[in-house]
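[1] Make a model of this:
(chains A, B and C)
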Amino acid sequence: MKRKLMVGGGAALAAMILFATPALAQDEPSAADVQVVLDNIWILIAAVLVIFMQAGFALVEAGLTRAKSVSNIMMKNMMDFVVGVLAFAAVGFAFAFGGTGKFIGTEGFFLNPNTFEAGWLNLSLPTFFIFQVAFAATAATIVSGAMAERTKFKSYLIYSAAITAFIYPVVVHWVWGGGWLYQLSTPYHDFAGSGVVHTVGGVAAFMGALILGPRIGKYGPDGKPRAILGHSIPFAIIGCFILLIGWFGFNPGSELAADAAVPGIFVTTLLGGVTGCVVAMAVVWAKTGKPDVAMAGNGLLAGLVGITAGCGSVNNWSAVIIGAVAGVLVVFAVFAIDRLKIDDPVGAVSVHGVCGIWGVIAVGLFAREDVEGFWSQGLFFGGGTDQLVSQLIGIVAIIAWTAVTTGILFLVLKHTIGLRVSEQEELEGLDVHEHGAPGYGIDSFADSATLSTAQPVKTNA
Amino acid sequence: MKRKLMVGGGAALAAMILFATPALAQDEPSAADVQVVLDNIWILIAAVLVIFMQAGFALVEAGLTRAKSVSNIMMKNMMDFVVGVLAFAAVGFAFAFGGTGKFIGTEGFFLNPNTFEAGWLNLSLPTFFIFQVAFAATAATIVSGAMAERTKFKSYLIYSAAITAFIYPVVVHWVWGGGWLYQLSTPYHDFAGSGVVHTVGGVAAFMGALILGPRIGKYGPDGKPRAILGHSIPFAIIGCFILLIGWFGFNPGSELAADAAVPGIFVTTLLGGVTGCVVAMAVVWAKTGKPDVAMAGNGLLAGLVGITAGCGSVNNWSAVIIGAVAGVLVVFAVFAIDRLKIDDPVGAVSVHGVCGIWGVIAVGLFAREDVEGFWSQGLFFGGGTDQLVSQLIGIVAIIAWTAVTTGILFLVLKHTIGLRVSEQEELEGLDVHEHGAPGYGIDSFADSATLSTAQPVKTNA
Amino acid sequence: MKRKLMVGGGAALAAMILFATPALAQDEPSAADVQVVLDNIWILIAAVLVIFMQAGFALVEAGLTRAKSVSNIMMKNMMDFVVGVLAFAAVGFAFAFGGTGKFIGTEGFFLNPNTFEAGWLNLSLPTFFIFQVAFAATAATIVSGAMAERTKFKSYLIYSAAITAFIYPVVVHWVWGGGWLYQLSTPYHDFAGSGVVHTVGGVAAFMGALILGPRIGKYGPDGKPRAILGHSIPFAIIGCFILLIGWFGFNPGSELAADAAVPGIFVTTLLGGVTGCVVAMAVVWAKTGKPDVAMAGNGLLAGLVGITAGCGSVNNWSAVIIGAVAGVLVVFAVFAIDRLKIDDPVGAVSVHGVCGIWGVIAVGLFAREDVEGFWSQGLFFGGGTDQLVSQLIGIVAIIAWTAVTTGILFLVLKHTIGLRVSEQEELEGLDVHEHGAPGYGIDSFADSATLSTAQPVKTNA
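    Reported below is the predicted structural model:
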């Protein structure tokens, strides 16, 4: 299939005008051809929604932390994506999908197309890569919030490359790449990645926060946790809305096709998320006397994380139950982790770690085989004991792998180039010290004093 | 059609790699099959755009109100969606679409699939539900801005459930569910809901603002209105952009199919919106001497609301006229409502109420029957007197229904649990009093004083 | 094809319920029919992504400038879109695509459908218009950042109409409308508009910033540039994420069809962008000692601009190289333009102008003809000397045309109604003086003093 350089884009258009060649005369497509194109276009659009989640994570994390390190958190989120794409394209994708070894893929580095013999349903290699790389960046970015306001930027970059190049792809290979968890007699089932993506991110977040230690001032002289307020609840909630939008690419896109199962996955995803939000609000209201806004936002995310593994195999009632349990879990987890002296400024461990684990287990409790039952009214269609055992094996393996590898990584960083910024830098904010400028310009919210803010440009040149 | 648990998602993928089963060998789709899938995928994507409007509404409303209640407004917007989805899934959808009674649907509660015998064109039940529930949440969320900065959160939650469970679905049933307005000899026509969605929201907003009374300080000792400035114009305008984006799901998606009419609906929607924006800017500039930014943003929304009823049945010139009239109406309505001592902080009554009514009437003035005329150059293709009469009957009924039901609701709330917060709470902001924390953390825009902001965590546990 | 008024939308739905007419019985589509619909739907969705870029530009430009003129920059971005749509619909589209003259189109004003005989591949006129008008608005909006904080709003409106009505459409005609650059023996190739869109915007930005002169305080008494900090890095980086999302409509959508080439364009676009970001961060880090966040964001955009011309005709390795070079160029260009005493507050000239030129030239260096090579591993598949010559001819012509026309335009404005605001207005901010209210309300971030902010409404009425 030779493709002339000038075909496509504006030039093709000009050709149409000049020569009025009827487009359809060239080749009459079959219905199957059109279905292939539709599958690819839909998954690419789903991938765009997933990539948009990066903006959502950035806003949630920025909103729930302090203004003095806001540039740093934006930069970490941007770098999770940017470094993550390059690392995953170079080696991560090959580790995940390059062959059928039990533990790790070994072919297809640098997206070498000659390596991949079988297709992914109707998806072309570039389509499938775009969808998968968006997932990889998501796993990476979960961690940045938990490590906010005190992590050395250089060390964070190394972490970011390591998780997308190696730690996350190995788990993907086990589950979605034909590895040992797929090869279990009853395969571990994790439709869109409660375990593969969110638990990996949540456990890495836990290890990072644990090894870093809490922010200065997080624990009082009495040893009790103190609330360090975030600097912008509007950022945080807009971030939650964007993440919700993104999840409609994340979960239904994991069908990897445009087919009749997709609409139902939208519904279970939606029901899981909104139930998590309402329940988390109710629980924190009962517990503290106020419907806390940030906690309600985290409840939405918790419900979405919880339904992610089972969204394609549970019915609507089960989705509501899964979301409700996630909404309870996230509130208690946030308070418990606080008491454990793990300082997770945004609740990433609770949302992605704890509720990710719950989502994986829930498949064993609620999944069912017949699609007609998808819209049925009954409750509790258990996945069966075999399924539950596979889910438990899978989630234990994922937790262990991630805890060990990220633990080693963070400890090595801590004892070499250092994981944490200096006390002075932490107190004054990372923005000026790590990045050379505040996130909010000096006169940001004043309305005069133009000249006083003009500073000489610093350059080594 | 049995569907194995492991089909779909990563596992299907793994199967492809291991066994290299060609996907298309399983079943060769017909063109009609592919069209069905395409219809569903397109409407789901349109629904995602509509759901994204929630973020737009939240930003517009937050931007045009004060910082001290910003968390509250974000929370109300989130709850409109979250509570709205649950209420609409449980009963609202059944009231709207469950059978062909003149007044209200009576079947299909809790999304019971056995109830719905006929399909919706090619859309499956879950697809159609996702699109409709996004609309329901939109109707609900229009109100939050008009009632901003002084409404009790608990009462707002009850309102939010009531409108999505009952008040809005009844109107939907009349128009889109085969009820009495559809059964008129010349059916009331409201393509995407200038009346069904926006007028319902706008009238509810009017009743809410009326029964609540104005914010403290809104009217001076002389009885004249004073401008209470919003806290973030950037939020408001980004919100407008997001709403514009969302409208490209809202209006073209209301075709409920992927067909040849969709592109033209994009054009009328776009032209209506941009004309409303330019004209509102010009009118406010002439009237006050300055091109007010918030008013221009509201002009964009006004044009979009105006074109929503007729976007599928008017030509481009008519769309421009409809948008222009909406742009004039919104400015005069904002000033008039201010003088009526109805305190609507964001202009929701003017944008959604007044311009929604205009949009419905405009169908009677501009709609035409032949699709070839869609791109024609002429002006004024009247819908005919019969159509105009039906439009007037419809909009009067919608206004009356909404005013009476929401009026009763707000009055009952006012005289039971209370609709308005205390004076102290209003002056100090709802964020701390209703939700337990400020929307912008204490040190948000300072760059020191870390320790001083750390407060003991309050918990009942 | 007669289309009854009530078909489509809710009424069609009601008809389905009442009469249970099976939708497919009406007409059985062919696969080619479905492909046509799919092409149109995909391009409309791509256009929505491109329109979303307006929000991205607004956030980047607002974030990198000062709070006292934030409303003005939001308004300019909104007006670029709003005025741009009307100007392009009225005459710009006709100049671009109305006939095959060498220099300019002459038919199809006001979207007259009878004018356009040939189609655009499978796209209908409204679909094609929506996609193209989104591009036109993008070209316009690039300029607003470079002219920030000192331009008269009225003059900006005139510029905005002129570029979308005439200056940009002429360039489009040359390249995508069958004009002289397409008619070269080896046609100038610019897939999605590194030259047509970004260089036009970047050169106009340069001329605007040059003729306006620098902001007060930008250059010290020593003549050296000073950094005037932006007021919100989070805004800027969220804007970059939104622009990235939008580029997935901009570049792959320029295929103007849903076909097998689309996925690969996603990959080259992504790789170009992320490489630009990493490299710009590394270069500025080496040069100044700090990984500057705003520069990294501009590096992402620089890489995206650079890959835009070649995204459909270079392989992945070339995309990485193109992005890397763009990442280097943007940093040096920003510093160089600063030293030239051209005050471009957001770096628009460097990002869109310099990297746009680079993108056009890169096609001559890296493009290749066979699509199989798209994923190949080799480096440096030159487009050939003939291609390179055409690229150079094209970019010189585009630069000359834009510099001359926008230069005349800005000079005429300067010497008639004036291009720049008064010194007092500039020092106090454009928001209050040009638009009548600050972008951030007076009590925005205070938590009391409600009454003190209430001011009498000013109106001429």
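
[2] and stretch A:262-270, is it in reach of chain C?
    No: Stretch A:262-270 does not reach chain C (C-beta under 8 Å from any C-beta of the partner chain); its nearest approach is 15.3 Å. To be clear about C-beta, it is placed using only N, CA and C from the backbone, and glycine gets the same treatment.

[3] Check what contacts that stretch and list those residues.
    A:42, A:191, A:247-248, A:251-252, A:254-255, A:304, A:307-308, A:310-312, A:314-316, A:318-319, A:371, A:374-375, B:40-41, B:44, B:47, B:85, B:111, B:124-127, B:129-130, B:133 (C-beta atoms under 8 Å, 6 or more residues apart in numbering or on different chains).

[4] And stretch A:393-404, what's buried?
    Judged by neighbour count using 16 or more other C-beta atoms under 10 Å in any protein chain shown, the buried positions of stretch A:393-404 are A:Gly394, A:Ile395, A:Ala397, A:Ile398, A:Ile399, A:Trp401, A:Thr402.

[5] and it, C-alpha only, in CSV?
    Extracted C-alpha coordinates of stretch A:393-404, given in CSV (Å, rounded to 0.1, in the frame of the first residue of the first chain):
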residue,chain,number,x,y,z
ILE,A,393,-3.4,-14.1,44.5
GLY,A,394,-3.2,-11.3,42.0
ILE,A,395,-3.6,-8.4,44.4
VAL,A,396,-1.1,-9.8,46.9
ALA,A,397,1.5,-10.3,44.1
ILE,A,398,0.9,-6.7,42.8
ILE,A,399,1.2,-5.2,46.3
ALA,A,400,4.4,-7.2,47.0
TRP,A,401,6.0,-6.4,43.7
THR,A,402,5.3,-2.8,43.9
ALA,A,403,6.2,-2.4,47.6
VAL,A,404,9.5,-4.1,47.1
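
[6] check whether that stretch contacts chain B.
    No: on the criterion C-beta under 8 Å from any C-beta, stretch A:393-404 is out of touch with chain B, staying 11.6 Å away.

[7] low-confidence ranges in the stretch 251-400 of chain A?
    A:369-383 (pLDDT under 70).

[8] Near chain C, which residues of the stretch 101-250 of chain A? Just list them.
    A:110-113, A:124-127, A:129-130, A:133, A:153, A:235.

[9] closest to A:Val363 among the residues you listed?
    The closest of these to A:Val363 turns out to be A:Val133 (C-beta to C-beta; 25.1 Å).

[10] Mind listing residues that contact stretch A:385-397?
    Residues outside stretch A:385-397 that contact it (C-beta under 8 Å, 6+ apart): A:174-175, A:181, A:184-190, A:195, A:199, A:357, A:360-361, A:363-365, A:367, A:382-383, B:5.

[11] Run through the residues that contact A:Pro42.
    Just so we're on the same page, residue A:42 is Trp rather than Pro. A:Trp42 neighbours (C-beta under 8 Å, 6+ apart): A:Gly253, A:Ala257, A:Ala258, A:Val262, B:Ile41.

[12] just to revisit the earlier point, is it possible to mark the buried ones in the contacts of stretch A:385-397?
    Using 16+ other C-beta under 10 Å as the threshold, A:174-175, A:181, A:186-190, A:195, A:199, A:357, A:360-361, A:363-365, A:367, A:383, B:5 are the buried ones among the contacts of stretch A:385-397.

[13] Just the pLDDT at A:Gly108, thanks.
    In this model, A:Gly108 is scored at 89, pLDDT.

[14] all strands of the stretch 251-400 of chain A, in order?
    For the stretch 251-400 of chain A, strands defined by DSSP state E, counting those that start in this stretch do not occur.

[15] If we ignore the residues flanking it in sequence, what's nearest the residue of it found nearest chain C?
    The nearest approach of the stretch 251-400 of chain A to chain C comes at A:Ala258, 10.1 Å away (C-beta to the nearest C-beta). In space, and not counting its chain neighbours, A:Ala258 is closest to A:Trp42: 4.2 Å by C-beta to C-beta, 6 or more residues apart in numbering or on different chains.

[16] From the chain's centroid, how far away is the strand or helix carrying the one you found?
    Applying DSSP states H and E as the criterion places A:Trp42 in helix A:31-63. Relative to the chain's own centre, helix A:31-63 is displaced by 13 Å; criterion: C-alpha atoms, centre = their mean, to the nearest Å.

[17] Also stretch A:419-428?
    27 Å.

[18] any bit of that stretch sitting next to chain B?
    Yes: counting by C-beta under 8 Å from any C-beta, chain B has neighbours in stretch A:419-428: A:Glu426, A:Leu427, A:Glu428.

[19] I'd like the residues you listed as TSV, with secondary structure and distance to C:Leu419 appended.
    Output for the residues of stretch A:419-428 next to chain B, formatted as TSV (DSSP: H, G, I helix; E, B strand; the rest coil; distance: C-beta to C-beta, whole Å):
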residue	secondary structure	distance to C:Leu419
A:Glu426	helix	46
A:Leu427	helix	46
A:Glu428	helix	41
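
[20] out of these, who's nearest C:Leu229?
    Using C-beta to C-beta, those come closest to C:Leu229 at A:Glu428, 16.2 Å.

[21] if I look at the closest one, how far off is A:Ile43?
    Distance, A:Glu428 to A:Ile43, using C-beta to C-beta, to the nearest Å: 45 Å.

[22] who has more neighbours, those two?
    Using other C-beta atoms under 10 Å in any protein chain shown, the more surrounded residue of A:Glu428 and A:Ile43 is A:Ile43, with 28 against 18.

[23] what residues are up against that one?
    Applying C-beta under 8 Å, 6+ apart to A:Ile43 gives the contacts A:Leu123, A:Thr127, A:Phe128, A:Ile130, A:Phe131, A:Gly253, A:Leu256, A:Ala257, A:Ala258.

[24] Please pick the buried ones from those residues.
    Neighbour counting by 16+ other C-beta under 10 Å classes A:Leu123, A:Thr127, A:Phe128, A:Ile130, A:Phe131, A:Gly253, A:Leu256, A:Ala257, A:Ala258 among the contacts of A:Ile43 as buried.

[25] what helix or strand does the fourth one sit in?
    Using DSSP H and E, A:Ile130 sits in helix A:125-146.

[26] Just the buried residues of the very next helix or strand once past that helix, please?
    Counting by DSSP H and E, the element after helix A:125-146 in chain order, helix or strand, is helix A:153-162. For helix A:153-162, the neighbour count (16+ other C-beta under 10 Å) marks A:Phe153, A:Ser155, A:Tyr156, A:Leu157, A:Ile158, A:Tyr159, A:Ser160, A:Ala161, A:Ala162 as buried.
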